[in-house]
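Q: This is a predicted model, with the sequence first.
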Number of protein chains: 2
Amino acid sequence: MNLEKQIDFYFDFTSPYAYLASTQIEALASRHGYSVVWRPFLIGATFKFTGRKALIQHPLVWEYSLNDIGRSARLLDQAINFPVKFPILSVKAGRLFYYFQDRDDNQKTAKEFASAAFQAYFVEQKDITDNRVLGEIAAAFGLSLEEVENIVKSPESKERFKIEVDAAIERKVFGAPMFIVDGEMFWGADRLQQLAKWLETGGW
Amino acid sequence: MNLEKQIDFYFDFTSPYAYLASTQIEALASRHGYSVVWRPFLIGATFKFTGRKALIQHPLVWEYSLNDIGRSARLLDQAINFPVKFPILSVKAGRLFYYFQDRDDNQKTAKEFASAAFQAYFVEQKDITDNRVLGEIAAAFGLSLEEVENIVKSPESKERFKIEVDAAIERKVFGAPMFIVDGEMFWGADRLQQLAKWLETGGW
């Protein structure tokens, strides 16, 4: 992989805008000859040092955002059925993501797992903090429920994910989705067009 | 004016994204047969009930935002030279805006004044809380410095502006720029494309 042609895609499985962006980013990058490295982390871990809060903690903003999320999804022709349980602490999905990445020594399965987890959470309204739900998703990628249960609670998986979260914070990632290309940060599903133009022009 | 073809444009003179949006909204609305009612208010007055803070109070987010503002301005081909004094309490500019609106019984002069104030603040880096600066701007619209000084401190102007700020809050306007059309809210300069599509299609 040519590192100069790489987009880092930071996301949290609990972010609706990250879900929307996840449905677009691969095709967008591919059109411009870039590859994408998916990097799940925990947005909540960044609030401590930014002083920000989750959108849902601001009722008026949240009321607007729920409408905006639906409107943005319809514009992208993407289904969304707002999760029954929201927000969630997405550590288990994050740990499984990196497990798949390490197991296969590439991101193919990990990305497929992430897309399936987003679909389960934001379309099928399943609780992706539930081991059985994660087991159903991971079965398609060769894991038994018992293996899923062991992975999400293993010290190695916890440490593996923590390192990724810390690395995101170290890189000043404070929002989700966040894209970084050529050192340039693009925050939000609403920056995909600017990102595309950046890839096309090399910046302006 | 046909009320069904009207966009309400809520802004604060201290908002860089509102400045950027102000350079686009008239042409955008006009293309779709809509008129725009400009409604300056005070974003700070909304923080009390939303629990939000100004972007600048979140250093990491602000660092990103400064870059994003410049990038967004260049994409729109709009000049921006970040104000030396930022943020400001924009009550005086707000009071003058509504003075012009009432004086002329329409928004033509008020909008021209607002655009000139935005230009002075975000391009010429002038302090638009300074009576002399406001006097220079307002001179083009027939006011002397003494008249400006009287208007910005008069109880009537203060009350007039306060009513507008309260009305914005009553309408749940919590951000700037905020556009409302057909009861639908669009928050941010980055929602102008969605707004344009809304005007074109009547919603989706």
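A: Nice, thanks for sending it over.

Q: tell me which element the nearest residue to A:V123 once chain neighbours are set aside falls in.
A: For A:V123, ignoring the flanking residues on the chain, the nearest one in space by CB to CB, 6 or more residues apart in numbering or on different chains is A:A79 at 4.9 Å. C-beta here means a position set from N, CA and C on the backbone, and glycine is covered the same way. Assigned by DSSP states H and E, A:A79 falls within no helix or strand.

Q: distance of A:A79 from A:S115?
A: Per CB to CB, to the nearest Å, A:A79 is found 13 Å from A:S115.

Q: Just to check, A:Y19 is in contact with A:I80?
A: Yes: in terms of CB atoms under 8 Å, A:Y19 counts as a neighbour of A:I80; the distance is 7.3 Å.

Q: anything in contact with each of the two?
A: A:F122 (CB atoms under 8 Å, 6 or more residues apart in numbering or on different chains).

Q: So for A:A79 and A:S115, which sits in the more crowded spot?
A: Using other CB atoms under 10 Å in any protein chain shown, the more surrounded residue of A:A79 and A:S115 is A:S115, with 16 against 12.

Q: dump the residue contacts of the more buried one.
A: Contacts of A:S115 (CB under 8 Å, 6+ apart): A:S22, A:T23.

Q: tell me which element it falls in.
A: Using DSSP H and E, A:S115 falls in helix A:108-122.

Q: In PDB, list the C-alpha atoms belonging to the helix or strand bottoming out on mean pLDDT in chain A.
A: Every helix and strand in chain A was compared by mean pLDDT, DSSP states H and E; the lowest is helix A:43-50, with a mean of 89. The C-alpha trace of helix A:43-50 is given here as PDB (Å, rounded to 0.1, in the frame of the first residue of the first chain):
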ATOM      1  CA  ILE A  43     -15.600   9.300  20.800                       C
ATOM      2  CA  GLY A  44     -16.500   9.400  24.500                       C
ATOM      3  CA  ALA A  45     -12.800   9.100  25.400                       C
ATOM      4  CA  THR A  46     -12.100  12.400  23.700                       C
ATOM      5  CA  PHE A  47     -14.800  14.400  25.500                       C
ATOM      6  CA  LYS A  48     -12.600  14.400  28.600                       C
ATOM      7  CA  PHE A  49     -10.000  16.500  27.000                       C
ATOM      8  CA  THR A  50     -12.000  18.500  24.600                       C
END
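
Q: Any part of it near chain B?
A: Yes: against chain B, helix A:43-50 shows contacts by CB under 8 Å from any CB of the partner chain at A:F49, A:T50.
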